[in-house]
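Colleague: fold the following for me, if possible:
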Amino acid sequence: MDLREYGRVLLRRGWIVVVVAIVGALAALLFSRIQTPVYRSTIILLAKPSRSSDYGQGLAIKNSLRQYAKQLQTKTIAQQVVDQLQLDIAPEKFLSGVEVSSDEADGTVTVAVKNPNEQLVPRMAQALAEDFVILHQQENLQMDQNDRILVNILDNASPPEKFSPKTTINVLAGAILGALAGVLAIFIIEYIQSGYIRKTEDVERLLHLTVLGAIPNAKAPDARAKQAVTTKQTASSNA
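Modeller: Take a look at the predicted model:
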């Protein structure tokens, strides 16, 4: 089929695309509604040298940021947070909702905590950051004051924001996938029915011959004529 034929097929069976797209969007909406909402709170830590003009300490901070990120995801500090907040979860479960990223350019570590409890998740992020700062301060006590790296909380934990499900995105994705599935279904149907002869174009396509004329169907007029005669006869009998 050429492009024009594809266009005619889509126009003729376009309702399939619309229906399947709507079904896909509704399915995505239902899937989003039955999911348990997950909320996220973030907090930022700032690492800086004890001597602001020390270039060597600046390089040491960049090398230490990854180490800080790993320390924030250890079972030891997770257990401290679990005990502090009296959470009824294992440290491994707590850490499964923790994401840590570092930025060497500005010496920051961003901690994101995810949990279904909207009210609890900021406290979890705040406690994790505070416990890490205390742990780092204890480590600093064992170092020379000039070699210490100071880690502080740049800002408190952010208010909880809904992380998932993203209903709008899911519905749009469901509609798009549904529309694509509808288009695929149309061409599958056309492929299955490609051997059927329904119009002159099908004859020309299959036989590679030009149709010069067509004999009209005479059965339909005969049927209408017989129906008219029967109606007249019935009317005469009733009279």
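Colleague: where does the protein have low pLDDT?
Modeller: 1-3, 5-6, 50-60, 146, 193-209, 211-239 (pLDDT under 70).
Colleague: how's it carved up into domains?
Modeller: 3-33+167-223, 37-164 (automatic domain parsing).
Colleague: out of these, which one sits most buried?
Modeller: For the domains of the chain, average neighbour numbers computed from mean count of other C-beta atoms under 10 Å are highest in domain 37-164, which has a mean of 16. (C-beta placed from N, C-alpha, C; glycine too.)
Colleague: what pairs with the lengthiest strand in the chain, parallel or antiparallel?
Modeller: Longest strand of the chain, by residue count under DSSP state E: strand 38-49. In the sheet, strand 38-49 lines up against strand 108-115 (antiparallel), strand 149-155 (antiparallel), strand 161-164 (antiparallel) (DSSP bridges).
Colleague: ok, which of these comes nearest residue 136?
Modeller: strand 149-155 (4.7 Å; C-beta to C-beta).
Colleague: so residue 105: helix, strand or coil?
Modeller: Using DSSP: H, G, I helix; E, B strand; the rest coil, the three-state assignment for residue 105 comes out as coil.
Colleague: save the strands paired with strand 38-49 as CSV, and put in distance to residue 128 too.
Modeller: Formatted as CSV, those follow (distance: least, C-beta to C-beta, whole Å):
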stretch, distance to residue 128
strand 108-115, 6
strand 149-155, 11
strand 161-164, 17
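Colleague: which one of those strands lies nearest to residue 25?
Modeller: strand 161-164 (18.1 Å).
Colleague: what's the closest one in contact with?
Modeller: By C-beta atoms under 8 Å, 6 or more residues apart in numbering, the list of residues contacting strand 161-164 from outside reads 35, 37-41, 114.
Colleague: CA atoms only for that strand, dumped as PDB, please.
Modeller: Output of strand 161-164 as PDB, limited to C-alpha atoms (Å, rounded to 0.1, in the frame of the first residue of the first chain):
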ATOM      1  CA  GLU A 161       6.600  16.000  48.000                       C
ATOM      2  CA  LYS A 162       4.800  13.300  46.200                       C
ATOM      3  CA  PHE A 163       7.400  11.100  44.400                       C
ATOM      4  CA  SER A 164       5.100   8.400  43.000                       C
END
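Colleague: go ahead and confirm residue 82 touches residue 91.
Modeller: Yes. The pair residue 82 / residue 91 is scored as a contact, 5.9 Å apart, by C-beta atoms under 8 Å.
Colleague: can you point me to the longest helix in the protein?
Modeller: helix 167-192 (DSSP state H).
Colleague: so what does it touch, helix or strand wise?
Modeller: Secondary-structure packing of helix 167-192 (3 or more C-beta pairs under 8 Å, 6 or more residues apart in numbering; DSSP states H and E): helix 3-12, helix 14-34.
Colleague: ok, residue 153 - contacts?
Modeller: Neighbour list for residue 153: 43-46, 129-130, 133 [criterion: C-beta under 8 Å, 6+ apart].
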